[in-house]
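Engineer: here is a sequence together with a model predicted from it:
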Amino acid sequence: DRLFVGFLWIFPGETRIRMFEYIGHPFGLADSPAIAVATSRKHVVEAAPDSLAAKAITWNSIIDDILFSSDSVSEAVEFIVETKRIMRLAHWQTHKYRANFDIAGEAARHGYELQDDEEILAQSTAGHVVSTLGLKWDTHDDVFSLNTPPAVPVKWTKRSLLAYVHGVYDPSGWVAPVIA
């Protein structure tokens, strides 16, 4: 792929055209999401194929968003620690963890040190609405909601109904049984 994502450059004062290639995969290309997903899945299989984090990364993620639900706070903390370990192997930095509990405080209570992660410390308090995988999550009430298209046609036709229904962004498929 690198041969097709190069660029030409002329240094000031020179007449010779030089061609440069990217060493890594530049973000923003059409295939970047697919490459990101394939890379994360590869590292998951190599690092910990049977862990909760591996299953969440493999089945409940879209590019860099992972949706994970746990039955206990300790399980959620273990998930965060394992996810950070797996992604560190891929040289990816994880950030923007959200929970309906104090992540840093609970991690410390369970014997994990997350003090070096400023983003987790800044976002570990509950009580605000965040977006994840096309859903809005109220972390205080622990409630998910969907954004629906704002405009409602004056006259409903088959076309307008299908356009309205398919205007709902739901990559996780939560409302598919209702609207399909």
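Structural biologist: That came in fine, so what should we check first? Residues are numbered from 1 along each chain as shown.

Engineer: OK, contacts around the residue nearest to Gly167 when sequence neighbours are not counted?
Structural biologist: Nearest non-adjacent residue to Gly167, counting by Cβ to Cβ, 6 or more residues apart in numbering: Pro149, 3.7 Å away. C-beta coordinates here come from the backbone N, C-alpha and C atoms, glycine included. Pro149 sits next to Tyr164, Gly167, Val168 when contact means Cβ atoms under 8 Å, 6 or more residues apart in numbering.

Engineer: what about Pro149, which SS state?
Structural biologist: coil (DSSP: H, G, I helix; E, B strand; the rest coil).

Engineer: so which of the contacts of Pro149 is the closest to Arg16?
Structural biologist: The closest of the contacts of Pro149 to Arg16 turns out to be Gly167 (Cβ to Cβ; 52.3 Å).

Engineer: all helices of this structure, in order?
Structural biologist: Taking DSSP state H as the test, the helices found in the chain are 32-47, 52-59, 73-89, 103-109, 118-123, 158-165, 176-179.

Engineer: now for the third one, which elements pack on it?
Structural biologist: It refers to helix 73-89. When contacts are defined as 3 or more Cβ pairs under 8 Å, 6 or more residues apart in numbering; DSSP states H and E, helix 73-89 packs onto helix 32-47, helix 52-59, helix 103-109.
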